[in-house]
Structure formats: structure tokens, C-alpha cells
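Colleague: What follows is a predicted protein model with its sequence.
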Amino acid sequence: MTAGRNRQIEEFLYAAGWAGAKRVDLAQDASFRRYERILLGGKSAVLMDAPPDKEDVTPFLRIARALSEMGLSAPRIIGEDAAKGLLLLEDLGDETFTRLLDGGAPPMELYSLAADALVALHSKADVKNLGNSVPLYEDPLFVKEALLLTEWYLPAVTGSPTDREISHGYQKIWEDLLPKARGVPNTLVLRDYHVDNLVRIAGRSGVGACGLLDFQDAVLGPLSYDFISLVEDARRDVAATLAADIRKRYLNANPAIDPEAFDRSCAILGAQRHCKVLGIFTRLRDRDGKDRYLHHVPRLWRLLERSVEHPALESLKDWLEEYLPLDLRIVPPGRLGL
């Protein structure tokens, strides 16, 4: 951090009534954002430092307030200077679902809470009003994300740039598949709904006990997307029996949803997400020098191989068998100089 940026933060904290607070670095994510815990007189808050030339905090502010209005536990905004990319947020604590699961907490309890929070979100989100300020998760964006596989992962494992015809064939598959994923209602999609971004909040009951993080990229799209992000997690194994139980719980709370259309949408959007994340994790290493995510690649392949067993994804399964056969479904062996 530069001296100038540090001075901006100190001035921001002074204006917010937190002058002289102790600042403690928190674990960082894959974005350009930084986080600090701010401690003063027995109180704590979290600073989000998002360089305005790299990140725009206004979507976070907009979605945080929308979630709070629905009765969900997004961090309360204590202070903000959007022009400088600085926010002071309610501290939801350290009990992420990931940490609790690693400590032996019952998975069914936590995943049920996560599913119930999704049910509440999907029942309360006013899609019509949100459409004035939240972008649509349109098929061209889904396709662009899926193409990260051919732009980053495929070249890294083959050692050469992807042939244009191969990439175009892959793109056409997704253009044909994605309309088949839209047999479920649209809702507010948080886009990174998994146990790393969920926090159990002591002293709150019901879905209020489920704290929500990392939702600044929210869009309006198929309700299946966040569900499949939860139960097919790139970073954590989720037992098939647990995933089936959570699916049943979610669908029981949403009897109007056609289970067959839901499963088809989950398979397609799960495959899209796994292809995207294979590309993202490779890009993080080759472009950004962050290689700590690549050990998840074997899990991503297991999830993707399971997704394409759905009959709707036969074309993608065939493409993968031709251009990414088993011997190429590996952790990329080295940085490719593209």
C-alpha cells in the first residue's frame, strides 16, 4: 500500500468516527480488493479498500442495501466514500461456513441454513424493481465466461494457443445450450454463493443467522445458478447425499419449480461455472501470479465430468472428449508465455 493510499484511509476513518483505530489485515481474495478489521474501544468493523481504478464499490452498496431490505444479513454500511473506493462495514465475525466445517460443524446444519437463505432471497427479491439497477445475466455473458476455458486453460495444458475453429465450435455449443437452462424463474443471483462467502452470525435466528459476503457482482438470472454454486463448490467436496438432501429441501420450499427443468438448468449452469473457473484459476496464475487456486483443478474436473453426464450436455461432453481428453485434464504444468 502506498503512503498516499494509507493517508486516504486514515482520513476516511477519521471522518467516519473511527480515528486512531487499530487496523489488522484480513485474508485477501482473488480480486483487487483489500480488507482490514478496524478495532476501537471494544467495537469492530471491516474496511473494504477497493482501488477506484480497479473496482467500483457502488454495486456492492446497492446490493447490500437490497439484501438488508429483504431481511437478509448483508453487512450494514457504517461509512462510505465511493469515489475513493473505501467502505466501512459491519463486522459479521470470523465464523465462515468454511471455518466451521473445517472445525467439525455438522454439514447438514450449515448447508440447510444456506439453502434456506436462498429460498428467502428467491421469494423476496423484487425482480421487476431490481431490473432498474441490476444487470441481466444474459447468454452472451455466460458464453464469454465459458470461453475462459479455451482462452486460458486449454492453451496452458496443450502448450499452444487455441485454434480459432476449435474455439468457435465450443462457443456454438454454449450458444445452443444456454437457452435450455432458462426453464426456471429469474431472480437476484449473487454469483459467488458458497461456504467461503457465508458467515454464521451468533445471536441471530432463522435465515438472519446466515451472513452474506462478496455479492458485488450480482445479476438477475436463473435461480439455479447460486444453488449449484453452493452444492458443486470448486473449493470444497460436498457429499452427493448431502447435495441431494439440500436439493430436496430447496425444491420442497419451491413447489412451483419443475424439478426436471431445475435439474437441467443446474447441470448446464454447473458445467458453465466449472469451465469458467478452470479458466479463471489458470488466468490468476498466468496473468496475476496467484497460483494458490490450481490445486482445486482435479475437483473441478470431477464436477464437470459429472455435469456433462446429463443428457442435455451430450454436445459438450463430446467436445471435451475430443479436445480435452483425460490426459489433458490436469493442473496446468507451467506458465504459458502468451
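Modeller: Nice, thanks for sending it over. Numbers count the residues shown, from 1 in each chain.

Colleague: What ranges does this protein have for its helices?
Modeller: 3-15, 58-69, 97-102, 107-124, 127-130, 139-146, 148, 154-158, 164-177, 224-231, 240-252, 259-286, 297-307, 314-323 (DSSP state H).

Colleague: With residue 187 as the reference, name the closest of the ones you listed.
Modeller: Ranking the helices of the chain by proximity to residue 187 (Cβ to Cβ) places helix 107-124 first, at 4.7 Å. Where C-beta positions appear, they are placed from N, C-alpha and C, glycine not excepted.

Colleague: buried sites along that closest one?
Modeller: 107, 110-122, 124 (16 or more other Cβ atoms under 10 Å).

Colleague: Please apply the same query to stretch 281-289.
Modeller: Within stretch 281-289, the residues that qualify as buried are 281-286, counting by 16+ other Cβ under 10 Å.

Colleague: now stretch 219-235
Modeller: Buried, per 16+ other Cβ under 10 Å, within stretch 219-235: 219-234.

Colleague: How about stretch 322-329?
Modeller: For stretch 322-329, the neighbour count (16+ other Cβ under 10 Å) marks 323-324, 329 as buried.

Colleague: Need those in a markdown table (columns: pLDDT and distance to residue 6).
Modeller: As requested, the buried residues of stretch 322-329 are exported to a markdown table (pLDDT from 0 to 100; distance: Cβ to Cβ, whole Å):
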| residue | pLDDT | distance to residue 6 |
| --- | --- | --- |
| 323 | 98 | 48 |
| 324 | 98 | 45 |
| 329 | 98 | 45 |
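
Colleague: before we move on, the earlier item: of the buried residues of helix 107-124, just say which sits nearest to residue 140.
Modeller: Nearest member of these to residue 140, counting by Cβ to Cβ, is residue 122, at 24.0 Å.

Colleague: Could you count how many residues lie near the residue nearest to that closest one when sequence neighbours are not counted?
Modeller: Distances taken as Cβ to Cβ, 6 or more residues apart in numbering place residue 187 nearest to residue 122, at 4.7 Å, with adjacent residues excluded. Neighbour count for residue 187, taken as other Cβ atoms under 10 Å: 22.

Colleague: From residue 227, how far off is residue 187?
Modeller: For residue 187, the distance to residue 227 (Cβ to Cβ, to the nearest Å) stands at 10 Å.

Colleague: just residue 295 next, same as before
Modeller: Separation of residue 295 from residue 227 (Cβ to Cβ): 25 Å.

Colleague: With respect to residue 135, which of the buried residues of stretch 281-289 is nearest?
Modeller: Using Cβ to Cβ, residue 283 comes nearest to residue 135 of those, at 21.9 Å.

Colleague: Could you double-check that that closest one lies in contact with residue 155?
Modeller: No - the pair residue 283 / residue 155 is not scored as a contact, 10.7 Å apart, by Cβ atoms under 8 Å.

Colleague: re the thing from before, I'd like the buried residues of stretch 322-329 as TSV, with distance to residue 134 appended.
Modeller: Listed next are those as TSV, based on distance: Cβ to Cβ, whole Å:
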residue	distance to residue 134
323	35
324	34
329	36
